[in-house]
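A.B. asks: all I have is the shape, not the residue letters:
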């Protein structure tokens, strides 16, 4: 039995990369050929050994942190490209003022508001979890990035300034 | 454009990490290199302008970055240190399984290293980055037929290298 052509196709059969006609022809051959069936078993085992386990993947949190680091580095790169120390200082000042306003709001403004929201609400728990709200954080990060028509140019303003800090 | 860039990062970050991680064998280092790849590619306006070429370029850059890192590292470190890093990644409550999986993993790495460059690259992009034949062809700048040949020959050669382990597992 001439197995040469069929043996070359066995790896592609395992990976699902054969054309339907080729697959049909090979499957027919495999029914009659014990040697090629043994080859199929060995190649399948090799493919299994190559397949990465789930533990090698990033967790959701790791992935989010990695993505945010990318945005952060891109924002820093863009700020550096402009060579404007003044701009960096202005964004830092903005962050400080924003932080002061936020602290004031949390201290004096949030209390009555929480009371108005009703019973059973746990605002402190929400605040504690806020930095790990992936969707929200991703939206905030993405919304701070702008790209000019000539290509990528990130403008550090508003929310993105928070990320560059 | 912003959305496309964000989507690209979200879609590819995990796959790029897995490819780099498999090559450098160090989780934290792989995260750093993944960041470097995206920053390097996305800060180049000519790359971002044509989004269709962005994906293959990111994987090409990731593969080269990881290989260069590994080459530099192996000049500085003895091979045993790689094994130590592997040991920390596996569940320490299962020492037998741990040693076995480290051994198998080292055999697979050694076998992959012995392959021709194109075969190794095609297999890594297929298995670790989940790319399909057409995408691998874009990354490697070859035809889809060539990719199929590289993958088929690569798996056949790996089988020859790993035959002793395959036999052991069966017995």
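C.D. replies: Structure's in. What do you need? Given the structure is predicted, the values throughout are model-derived calculations rather than measurements.
A.B. asks: can you list the buried residues in the lengthiest helix in chain A?
C.D. replies: If each helix of chain A is counted by residues according to DSSP state H, the longest one is helix A:60-82. Within helix A:60-82, the residues that count as buried by 16 or more other C-beta atoms under 10 Å in any protein chain shown are A:63-76, A:78-79. Glycine gets a C-beta too; all of them are placed from N, C-alpha and C.
A.B. asks: domain map for chain A?
C.D. replies: Domains of chain A are assigned by automatic domain parsing as A:4-51, A:60-164.
A.B. asks: weakest of those in terms of mean pLDDT?
C.D. replies: Among the domains of chain A, domain A:60-164 has the lowest mean pLDDT, at a mean of 58.
A.B. asks: so which of the buried residues of helix A:60-82 comes closest to residue A:33?
C.D. replies: Closest approach to residue A:33 among these (C-beta to C-beta): residue A:63, at 44.9 Å.
A.B. asks: looks like the closest one contacts residue B:13 (just checking).
C.D. replies: Yes. With contact defined as C-beta atoms under 8 Å, residue A:63 reaches residue B:13; the gap is 6.1 Å.
A.B. asks: tell me, how many residues neighbour residue A:14?
C.D. replies: Neighbour count for residue A:14, taken as other C-beta atoms under 10 Å in any protein chain shown: 17.
A.B. asks: doesn't residue A:43 make contact with it?
C.D. replies: Yes. With contact defined as C-beta under 8 Å, residue A:14 counts as touching residue A:43 (5.8 Å).
A.B. asks: list residues touching both of these two?
C.D. replies: When contacts are counted by C-beta atoms under 8 Å, 6 or more residues apart in numbering or on different chains, residue A:14 and residue A:43 have residue B:155 as shared neighbours.
A.B. asks: phi, psi for residue B:128 please.
C.D. replies: phi -90, psi -30 (degrees, to the nearest 10).
A.B. asks: tell me the spacing between it and chain A.
C.D. replies: Here residue B:128 is placed at a distance of 6 Å from chain A (C-beta to the nearest C-beta, to the nearest Å).
A.B. asks: pLDDT at that residue, what is it?
C.D. replies: 89.
A.B. asks: that one touches residue A:51, doesn't it?
C.D. replies: No. Judged on C-beta under 8 Å, residue B:128 makes no contact with residue A:51 at a distance of 9.0 Å.
A.B. asks: who's more crowded, the two?
C.D. replies: residue B:128 (22 against 10).
A.B. asks: separation between that one and residue A:34?
C.D. replies: Look at residue B:128 and residue A:34: by C-beta to C-beta, to the nearest Å, they are 33 Å apart.
A.B. asks: domain map for chain B?
C.D. replies: Using automatic domain parsing, chain B is parsed into the domains B:1-77, B:115-171.
A.B. asks: which one, of those domains, ends up nearest to residue A:6?
C.D. replies: domain B:115-171 (11.5 Å).
A.B. asks: quick one: the strands in chain A?
C.D. replies: Counting by DSSP state E, no segments of chain A form strands.
A.B. asks: name the element residue B:155 belongs to?
C.D. replies: Residue B:155 belongs to helix B:144-170 when assigned by DSSP states H and E.
A.B. asks: hmm, that helix in reach of chain A?
C.D. replies: Yes. Using C-beta under 8 Å from any C-beta of the partner chain, helix B:144-170 reaches chain A at B:148, B:151-152, B:154-156, B:158-159, B:162-163, B:165-166, B:169.
A.B. asks: which strands or helices does that helix pack on?
C.D. replies: Helix B:144-170 makes packing contacts with helix A:4-14, helix A:34-50, helix B:95-114, helix B:117-127, helix B:133-140 when contacts are defined by 3 or more C-beta pairs under 8 Å, 6 or more residues apart in numbering or on different chains; DSSP states H and E.
A.B. asks: quick check: buried residues in that helix?
C.D. replies: For helix B:144-170, by 16+ other C-beta under 10 Å, it's B:146-159, B:161-162, B:165-166.
A.B. asks: and among the helices and strands packed on helix B:144-170, the most buried is which?
C.D. replies: Ranked by mean neighbour count, those are led by helix B:117-127 with a mean of 22 (mean count of other C-beta atoms under 10 Å in any protein chain shown).
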